[in-house]
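Trainee: Pasting the sequence and the predicted model now:
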Amino acid sequence: MNLGQLSRRRWQIAVALSAVVVVIYFGFILLIAFDKELVATRVAPGLSLGILLGALVIISAWVTTWVYVRWANGPFDRRVRELRADPESAGESK
């Protein structure tokens, strides 16, 4: 993988994870807008489905951030180090 391919891969992963967060967030907002009765359902005393889903929206943002950081600090950084060590391979395609 050369530098251009690596850059495209980083962009693809960032866009995919951003899309996941946007779908989850707007799905939650649309659920609130169009099915208030469902969101108001009590899951436990003092806890509605809306509150639970809202917390899960926040947790999903953390998880997608963790996935990106894990990938960026692992395979991505490893390949960047390889390209820095061997600048000749930065332009070649494998």
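Mentor: Happy to help now that I have it.
Trainee: so which strand or helix has residue 57?
Mentor: helix 49-71 (DSSP states H and E).
Trainee: For that helix, buried residues please.
Mentor: Within helix 49-71, the residues that qualify as buried by neighbour count (16 or more other Cβ atoms under 10 Å) are 49-50, 53, 60, 64, 68, 71. (Each C-beta comes from the backbone N, C-alpha and C, glycine too.)
Trainee: helices or strands up against it?
Mentor: Packed against helix 49-71 by the contact rule (3 or more Cβ pairs under 8 Å, 6 or more residues apart in numbering; DSSP states H and E) you find helix 3-34, helix 36-39, strand 42-44.
Trainee: how does it look with 6 Å?
Mentor: helix 3-34 (3 or more Cβ pairs under 6 Å, 6 or more residues apart in numbering; DSSP states H and E).
Trainee: what inclination does the helix it packs on have with respect to helix 49-71?
Mentor: 180 degrees (axes from the mean of the first three to the mean of the last three Cα atoms, to 10 degrees).
Trainee: Where does the prediction get shaky in the chain?
Mentor: 89-94 (pLDDT under 70).
Trainee: What count of nearby residues applies to residue 81?
Mentor: A count of neighbours around residue 81, defined by other Cβ atoms under 10 Å, yields 10.
Trainee: Show me which of the buried residues of helix 49-71 is closest to residue 33.
Mentor: Distance to residue 33, by Cβ to Cβ, is smallest for residue 50 among those, at 11.6 Å.
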